[in-house]
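S.K.: missing the sequence, but the structure's below:
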């Protein structure tokens, strides 16, 4: 299950671009948070691949993300070989709810409209190749 027992999605992207991340549906009454994490050229590996670990907070129960880069992007849960393409806009974002076994495409434009911007401060971490 996503976001339980330390299992979080890993997003693998090819080429430059931005990973957009939204935390929403707070169970503590705090605002939604949205932001981007660019693919830094200094961290991108020789073969133009960057891996992002999508963090989470127990305060939110919904998470969505999408990729706006030049190359493709795929997500998988840590430790899994199963991969799926990442969404390409907030109207077709990749979305996960806390403890849900399924990650789906969803239109989260309404949640983004009420979110506070946290560019470069969202809970997304660049990880080295072959971490898991």
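M.R.: Nice, thanks for sending it over. Being a predicted model, the structure only gives us computed values, none of them experimental.
S.K.: quick one: buried residues of the helix or strand of the chain with the lowest mean pLDDT?
M.R.: Sorting the helices and strands of the chain by mean pLDDT, DSSP states H and E puts strand 124-127 at the bottom, at a mean of 80. For strand 124-127, the neighbour count (16 or more other Cβ atoms under 10 Å) marks residue 124 as buried. (C-beta placed from N, C-alpha, C; glycine too.)
S.K.: can you check stretch 65-72 too?
M.R.: If you call a residue buried by 16+ other Cβ under 10 Å, then stretch 65-72 has these buried ones: 65, 66, 67, 68, 69.
S.K.: so who does the fourth one touch?
M.R.: What that stands for is residue 68. 17, 18, 20, 88 (Cβ atoms under 8 Å, 6 or more residues apart in numbering).
S.K.: how far does the least confident helix or strand of the chain sit from its chain's centre?
M.R.: How far strand 124-127 lies from its chain's middle: 10 Å, per Cα atoms, centre = their mean, to the nearest Å.
S.K.: could you identify the most distant pair in the contacts of residue 68?
M.R.: 18 and 88 (11.5 Å; Cβ to Cβ).
S.K.: what touches both of the two?
M.R.: 67, 68.
S.K.: grab the nearest non-local neighbour of residue 37.
M.R.: In this structure, residue 37 finds its nearest non-sequential neighbour in residue 124, 4.4 Å apart by Cβ to Cβ, 6 or more residues apart in numbering.
S.K.: for the one you found, which residues make a bridge with it?
M.R.: residue 54 (DSSP bridges).
S.K.: and the gap between it and residue 112?
M.R.: 16 Å (Cβ to Cβ, to the nearest Å).
S.K.: how about residue 72, what does it touch?
M.R.: For residue 72, the contacting residues are 13, 14, 85, by Cβ under 8 Å, 6+ apart.
S.K.: my guess is the last one contacts residue 74. True?
M.R.: Yes: checked against Cβ atoms under 8 Å, the pair residue 85 and residue 74 is within contact range at 5.9 Å.
S.K.: which one of those two has more residues nearby?
M.R.: It is residue 74, of residue 85 and residue 74, that has more neighbours when counted by other Cβ atoms under 10 Å, with 16 against 12.
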